[in-house]
Structures are given as structure tokens and as C-alpha cells.
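Colleague: give me coordinates for this.
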Amino acid sequence: MRRTLVTVVLGALALPGVAHSQTALVDVSVATLWKAPGLERPLDAPSLGNPVDPRAWNRNLATAEERRWLVSRVQTQALYGQEVVVLAHRNGWVKVAVVDEPDPQDPHGYPGWLPARQLVPGSAAPAGPKAVVTAASVWLQTPKRRIELSFATVLPLVGVEGGGDVVVSTPDGEGRLPRKAVTIRDAPVHPSGAQLVATARRFLGARYLWGGLSSFGFDCSGLVWAVYRSFGMTIPRDADPQFRGGTPVARAALRPGDLVFYGTQSYVHHVAIYAGRGQMLEAPDSAHRVRVVPMRWREYAGARHY
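Modeller: Residues are numbered from 1 along each chain as shown. Sure, this is the predicted structure:
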């Protein structure tokens with residue numbers, strides 16, 4: 001099939017490219033991807049600009065009902081510097097697929113719409129050392145601005161300065177992060193179950209956010225995805241695809257760090273992390289925060305190890 005050349009508009013930038021293959025980088029701390037353009041409410045404004053203000057948006061979402069409204073309207077989120085493939089554009093919005101959020105909806109990655117102003121032209125850096133934000137959040141300083149980054153943000157490493165700052169490559173040019181806020185990884189690390197549980201426990205009390213995968217708000221599978229990403233590993237974004245991957249674990253063989261799933265064998269709707277001693281850690285729903293609770297066996301579909 002012959003491909004048609006198109007011009008993809010990203011904010012004020014006109015980028016010549018090839019349909020379904022133009023790449024860009026997320027240029028805000030946390031971009032929220034919607035099911036379609038124009039679904040947002042006035043209270044969602046802090047999530048729509050550049051910069052975004054995820055803390056203000058969190059405050060605006062004051063009730064469970066306001067958070068529950070996002071269900072089936074928000075698709076996922078993407079962190080600063082993540083690569084996306086541009087699929088379409090409409091009236092200042094761009095449909096993209098997030099490359100390192102695998103999902104069966106699109107072979108390029110997890111799809112959704114976001115404001116064009118939240119993207120800049122670019123593509124992911126080639127293989128090499130990365131600085132992974134392992135603090136809950138940290139301020140990045142670039143020549144253009146300061147931007148608060150979430151846990152599990154990954155940026156290419158340029159070097160480490162004598163004073164201890166880490167120099168990284170960003171969509172805004174070279175930036176600096178405090179050395180204590182990041183872990184430098186040359187390759188994925190296969191974490192132990194204890195490491196997975198300990199990392200997830202750091203977010204106990206964080207508010208649930210449908211589609212959320214940042215420390216400003218997680219959904220169930222977003223928390224799992226972010227924990228694994230902090231070790232340099234890429235796993236599917238949503239609970240059901242997570243259930244279809246990994247290595248099956250028998251109920252009697254559960255170990256801390258295993259992922260436990262709820263629903264049916266045909267469709268899984270929830271994932272948690274087995275925390276040991278008959279407990280699990282989960283981001284449950286819009287009315288609750290990340291918590292540790294006794295294992296539930298009703299609708300238990302199985303467990304997986306990655």
C-alpha cells in the first residue's frame with residue numbers, strides 16, 4: 001500500500017512526516033491522553049496547558065464523583081520525555097500512541113488524544129545510560145524553565161557534574177537533576193519481589209486517578225507499570241494485557257511482588273501487588289487511595305510474575 005505524505009501540526013510547528021510514523025516527545029511533566037478531543041471540563045484545565053499543574057488538577061478533583069467522571073473518558077497518561085507516534089490531528093489536538101506503554105489497541109503503543117501544545121518534535125534517544133527519577137517527584141532545571149517531574153520519568157544521561165547534579169537530555173535541551181533523586185541505569189534490572197513491594201509502598205496514601213501513572217495519581221495498572229519502569233522494565237500498560245503476559249503463578253505459590261488479578265479469564269479489570277502475609281497493595285478506585293488490604297479471593301483470576 002502506498003503511504004501518503006501529510007503535514008502534522010504540533011502547536012505552532014508544522015512537521016512534514018509520513019502518516020502513522022511521525023514521532024514526538026511529551027513536553028509536560030504529565031500529559032493526560034483522552035479518548036477524544038473536547039471531553040474535558042473547566043476543572044480539568046490544569047492538565048491541558050504547557051506547563052501543566054498536576055497538583056492543582058488533583059485539588060480540583062475534590063470528590064470521588066469528579067474523579068469517577070474520568071472513567072472511559074481518559075485513556076492513560078505519558079511522562080515528560082516519553083516518545084509518541086502521531087496518528088492524527090484535529091483542531092489543536094493530536095492523537096498519539098505512547099511507545100513504551102504496550103497495549104493491544106494499537107501496535108505502536110497506547111493510543112489517546114492530547115493537546116498539541118504538550119508535544120515537541122523529536123524521538124527517543126538511542127540505547128545508553130538513563131537517569132530514572134526514583135524520588136516521588138523532583139524539580140528539573142533546563143535553560144528554559146523548571147518543571148516538576150514524577151517518579152519513573154526516564155531521561156537520557158549526559159553526565160554527572162562534580163557538584164553532584166546529573167545532566168540529562170530533555171525536550172527542552174540539557175537539564176539538571178539532583179543526583180539523590182535519580183538512579184542511573186545502563187540496562188533493565190530484574191527486581192526482587194521485596195524491591196517491588198518496597199517501591200510500591202512508598203506511594204501508600206496517593207490518590208487514585210483513572211488513567212494515572214504518575215506519583216500525582218495512579219490507577220491500579222498505572223502504579224504497577226510505573227514501579228516496573230523505575231527498574232528499567234517495560235510491561236503492558238493495562239491490567240488485562242498485564243495478565244496475558246508474564247509467567248503464571250499458582251495461588252499456593254504466591255510470593256511478595258507477584259501481580260494478582262481480578263475479573264474473569266476472558267477479561268481482567270483490576271491488578272494489585274501481592275505484599276506477603278495474605279495482603280496485597282493496590283490503587284483501588286476513585287473513592288480511595290493506594291493502600292494495603294487483605295487478599296480478596298472473590299473474582300480472583302490468577303497471578304503473574306515478570
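
Colleague: my guess is Lys35 meets Leu70, correct?
Modeller: No - under the contact definition of C-beta atoms under 8 Å, Lys35 does not touch Leu70, with a separation of 10.1 Å. C-beta here means a position set from N, CA and C on the backbone, and glycine is covered the same way.

Colleague: which strand or helix spans Tyr274?
Modeller: Assigned by DSSP states H and E, Tyr274 belongs to strand 268-276.

Colleague: and the following helix or strand past that strand, which strands flank it?
Modeller: On the C-terminal side of strand 268-276, the closest following helix or strand by DSSP H and E is strand 279-282. According to DSSP bridges, strand 279-282 has the following sheet partners: strand 268-276 (antiparallel), strand 291-294 (antiparallel).

Colleague: could you dump strand 279-282 to PDB, C-alpha only?
Modeller: Written as PDB, here are the backbone C-alpha positions of strand 279-282 (Å, rounded to 0.1, in the frame of the first residue of the first chain):
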ATOM      1  CA  GLN A 279      -2.000  -8.900  52.000                       C
ATOM      2  CA  MET A 280      -2.000  -7.000  48.700                       C
ATOM      3  CA  LEU A 281      -1.100  -3.400  47.700                       C
ATOM      4  CA  GLU A 282      -3.500  -1.700  45.300                       C
END
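
Colleague: now that strand: mean pLDDT?
Modeller: The average of the pLDDT scores along strand 279-282 is 98.

Colleague: same check on stretch 220-237?
Modeller: Averaging pLDDT along stretch 220-237 gives 98.

Colleague: before we move on, what about stretch 39-51?
Modeller: If you average the pLDDT over stretch 39-51, you get 98.

Colleague: centre of the chain to it, how far?
Modeller: How far stretch 39-51 lies from its chain's middle: 18 Å, per C-alpha atoms, centre = their mean, to the nearest Å.

Colleague: will you turn the strands paired with strand 279-282 into TSV that also has mean neighbour count?
Modeller: Below are the strands paired with strand 279-282 laid out as TSV (neighbours: other C-beta atoms under 10 Å):
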stretch	mean neighbour count
strand 268-276	23
strand 291-294	14
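
Colleague: low-confidence stretches in this protein?
Modeller: Low-confidence segments of the chain (pLDDT under 70): 1-21.

Colleague: if we can go back for a sec, with neighbour numbers in mind, choose between Lys35 and Leu70.
Modeller: Set side by side, Lys35 and Leu70 show more neighbours around Leu70, with 22 against 13, by other C-beta atoms under 10 Å.

Colleague: my read: that one touches Tyr208, true?
Modeller: No - contact between Leu70 and Tyr208 fails when scored by C-beta under 8 Å: they sit 10.2 Å apart.

Colleague: can you list residues touching both of these two?
Modeller: Shared contacts of Leu70 and Tyr208, defined by C-beta atoms under 8 Å, 6 or more residues apart in numbering, comprise Ser286.

Colleague: the stretch 51-200 of the chain: strands as residue ranges?
Modeller: 74-79, 83-90, 93-98, 110-115, 119-121, 130-133, 137-141, 146-150, 154-160, 165-170, 173-178, 182-185 (DSSP state E, counting those that start in this stretch).

Colleague: in the last one, what's buried?
Modeller: Spelled out, that is strand 182-185. Neighbour counts over strand 182-185 (16 or more other C-beta atoms under 10 Å) mark 182-183, 185 as buried.

Colleague: same list (those residues) but as a markdown table, adding distance to Arg244.
Modeller: Formatted as a markdown table, the entries for those read as follows, by distance: C-beta to C-beta, whole Å:
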| residue | distance to Arg244 |
| --- | --- |
| Val182 | 32 |
| Thr183 | 29 |
| Arg185 | 26 |
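
Colleague: quick check: domain ranges of the protein?
Modeller: What the record gives for the chain is the domain set 5-121, 130-185, 193-305, from automatic domain parsing.

Colleague: for the last one, the distance to its chain's centre please.
Modeller: How far domain 193-305 lies from its chain's middle: 14 Å, per C-alpha atoms, centre = their mean.

Colleague: need the distance between the two termini of that domain.
Modeller: Distance across domain 193-305, first residue to last, is 9 Å (C-alpha to C-alpha, to the nearest Å).
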